[in-house]
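[1] Give me a model of this one.
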Amino acid sequence: MEKDMTKEEKREAKLKEKEERLAEKEKSQKVREEQKARIAAEKEEIEDKIDDLLEERDEARHNKDKARAKELSKKINKLKNDRKRVGKNNSFFDDVKEEMKLVRWPNKKEILKYSIASLLFVVFFALFFFAIDLLFALIKGLI
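    Residues are numbered from 1 along each chain as shown. Got it, this is the predicted structure:
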């Protein structure tokens, strides 16, 4: 009878476990649906912005304001790229690529100036530590 009870308890535990897994699946399905809805809403919002900018650009072209039309075209292209990325997980290297676009690289004159400054610092501190080492050696020698 005791073995039957343990079998019964095992069955109940398995049933409970199955119910928990089903509940987790339903919960994850609901989360995925919410994410899809959020992504669709974000894309729709971006598309509305693009439509507004397209109208402004067409008006600028009609008024022969080339600078404004060019600026609006850049904004439109940026929004189109943003729309493509909505809902996609960026990888580490995509983020690195984006950050590298923001880097301001030094020109030849700046590189020369910074290299000389670095070398002077190295020489200064080498002499400084040599002098301290020499001073301690003299003090140790006197004792």
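[2] going forward, measure contacts between C-alpha atoms and count neighbours the same way
    Noted.
[3] burial count for residue 6?
    11 (other Cα atoms under 10 Å).
[4] Which neighbouring elements make contact with the longest helix along the chain?
    As assigned by DSSP state H, the longest helix anywhere in the chain is helix 2-62. In terms of contacts (3 or more Cα pairs under 8 Å, 6 or more residues apart in numbering; DSSP states H and E), helix 2-62 is packed against helix 66-85.
[5] Give the next helix or strand downstream of the helix it packs on.
    helix 92-101 (DSSP states H and E).
[6] just how off-centre is that following helix within its chain?
    8 Å (Cα atoms, centre = their mean, to the nearest Å).
[7] buried stuff in the helix or strand that it is followed by?
    Using DSSP H and E, the helix or strand that follows helix 92-101 in sequence is helix 108-142. Of the residues in helix 108-142, none count as buried by neighbour count, 16 or more other Cα atoms under 10 Å.
[8] Next: stretch 36-46.
    Per 16+ other Cα under 10 Å, stretch 36-46 contains these buried residues: 39, 42-43, 46.
[9] got those residues as CSV, with pLDDT and distance to residue 101 columns?
    Listed next are those as CSV, based on pLDDT from 0 to 100; distance: Cα to Cα, whole Å:
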residue, pLDDT, distance to residue 101
39, 82, 26
42, 86, 25
43, 85, 25
46, 87, 23
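[10] Sweet, I'm off.
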